[in-house]
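Structure here, sequence nowhere to be found:
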């Protein structure tokens, strides 16, 4: 047992800690505040405390648990709301009211509830099992089976397996190892700062379909991929993350509110449980774990919240699920690191951030990936991190360190957000490095011409951006008709395709096949209008055809009717433009 020798906010220095190791969890002071050793010098331990340290004094005891910070993993994770060190906020509220009392303890997983454990058909006594092997499952929610696995590092002969109703701490299996018998329960613990082992990592060649057209068509993210979504205040980071959580084709959602404003996090916690899964109609919380650590909560717990979330995500990945981890925002996490580093009196780097900031950010994002777990199941962890640069300046250290490791950059634009263009992702500043690796999937599942259509549409948007700069100088009337047509087609792509309504039942989510048909319909207009223009039709006549108005409403067509509607619109476009070219061409 050590003694407190110095206190500096969330940083506590304790002496006589020779037997401790880095990242051990300790209980600080008479109030038994939770902390973690982050630096050792001789017999002094530097501890970041996850609770308010006011009132504790030098000389009070410090007791180590002899183990690193870990998360509890068992049935009961889904639908839960935790703080940064996996304390259950609902249970704490029942115990202490709306404010978290210092030193309060609550089990992350309900130890009394009984779950029905069903053994896998091929799991028999006498078989050899290793770490990660699936013993059976619990139907945790109507949407998700929670697979029970042999803990990592355990290998031997299965001597007993018990089906039926059990608490998470009850023994459900016994494994005879070289070192003796090991009792296996549904409850496991994993250290948060160590990545879970996998058998093999796979290429990121399957897209994470979000239903948001600007993302899926132009700047896709792969399952197991990493993306950054930076933007200034009010540009729509949180709203975009909510829609990804709701519509992305991942089975599990882990949402981390890391240092966000209390009122914004309150909206998330009250609205998220009300959301319905669009595929099943069930509450989306039945496949969601939420971690809430607001800006007024202890700064050290904010630093830990990211690791808590990614460890839970890896656990579900090992079961064979595709997990989407949404971190809002990593800038607040970096600010927590900066504060802890300053109290450790470490040499500051750029803008006061610690010199190891890029390393920590890279280590976090590198834990994403699509992999074959130790039991042979294929799962993935896709990470989307919101970045909140001050004033929207992405040249600051957190944004730059993030951009060096992520492969997707969704640049949010405040002017687009102010003009009610949702999602407010700037198509001229954003990029995705997954487009080439996903090309085979698109060809097999969407259509051979999808990649070509996307590239053509992006060229039109880039050309429109160049022409708009010229228009500001000389006016649109000075442009030739073919460039006026480019401006018009660019506007159609922006308003009819890229802009979505979160309130329209047919427009809030768009399948990949519908996206392809919508884009091809606009490009069909561009191609036919160009031919009509060359044949003598006027740009005014082209813009006035009736079929063009139908293109603007194609986003409101249901998935079942889109193929028929798109074909009719294309026929109308060709018929009207051919007639227009003939009429106006002959008159000239």
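Noted; the coordinates are in hand. Note that the structure is a prediction, hence the values are computed from the model and not measured.

Show me what counts as buried in stretch 48-67.
48, 49, 50, 51, 52, 53, 56, 60, 62, 64 (16 or more other Cβ atoms under 10 Å). (Glycine included, C-beta is placed from N, CA and C.)

who's in contact with the nearest residue to the first one once chain neighbours are set aside?
Right, residue 48. Residue nearest to residue 48 in three dimensions, not counting chain neighbours: residue 300, with 4.1 Å by Cβ to Cβ, 6 or more residues apart in numbering. Counting by Cβ atoms under 8 Å, 6 or more residues apart in numbering, residue 300 makes contact with 10, 35, 36, 48, 49, 50, 336, 340.

Wait, a strand at residue 300?
No - counting by DSSP: H, G, I helix; E, B strand; the rest coil, residue 300 is not part of a strand but helix.

ok, back up a step: of the contacts of residue 300, which pair is most distant in space?
Spatially, the most separated pair among those is 35 and 336, at 14.4 Å (Cβ to Cβ).

neighbour count winner among those two?
residue 35 (29 against 26; other Cβ atoms under 10 Å).

before we move on, what SS does the more buried one have?
Criterion first, three-state DSSP; result for residue 35: strand.

Thought residue 29 was touching it, still the case?
No - counting by Cβ atoms under 8 Å, residue 35 does not reach residue 29; the two are 9.3 Å apart.

Show me the common contact partners of these two, please.
By Cβ under 8 Å, 6+ apart, the residues touching both residue 35 and residue 29 are residue 62.

thinking again about what came up before, can I get the buried residues of stretch 48-67 in CSV including pLDDT and secondary structure?
Shown next, in CSV, are these (pLDDT from 0 to 100; DSSP: H, G, I helix; E, B strand; the rest coil):
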residue, pLDDT, secondary structure
48, 91, strand
49, 91, strand
50, 88, coil
51, 85, coil
52, 85, coil
53, 88, coil
56, 91, coil
60, 93, coil
62, 94, strand
64, 92, strand
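
of those residues, closest to residue 217?
Using Cβ to Cβ, the buried residues of stretch 48-67 come closest to residue 217 at residue 50, 42.6 Å.

do you know how far that closest one is from residue 200?
35 Å (Cβ to Cβ, to the nearest Å).

now stretch 512-522: mean pLDDT?
For stretch 512-522, the mean pLDDT works out to 95.

Buried residues, it. List them.
512, 514, 515, 516, 517, 518, 519, 520, 521, 522.

sec struct for the last one, please.
Spelled out, it's residue 522. Per three-state DSSP, residue 522 ends up helix.

doesn't residue 469 fall inside a helix?
Yes - Residue 469 sits within a helix when classified using three-state DSSP.

Per-residue pLDDT of it, please?
On pLDDT, residue 469 comes in at 89.

Contacts for the helix or strand that contains residue 461, please.
In the assignment (DSSP states H and E), residue 461 maps to helix 450-474. For helix 450-474, contacts defined as Cβ under 8 Å, 6+ apart pick out 217-218, 427-428, 435, 439, 442-443, 479, 483, 486-487, 489-491, 493-494, 497, 512, 516, 519-520, 522-523, 526.

Pull the contacting residues for the residue lying closest to residue 244 once chain neighbours are set aside.
Sequence neighbours aside, residue 210 is the residue nearest to residue 244 in space, at 5.1 Å (criterion: Cβ to Cβ, 6+ apart). Contacts of residue 210 were listed using Cβ under 8 Å, 6+ apart, and they are 216, 221, 243, 244, 247, 248.

Distance to residue 553 for the buried residues of stretch 48-67 - can I get that in TSV?
Output for these, formatted as TSV (distance: Cβ to Cβ, whole Å):
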residue	distance to residue 553
48	56
49	58
50	53
51	55
52	56
53	60
56	64
60	69
62	67
64	66
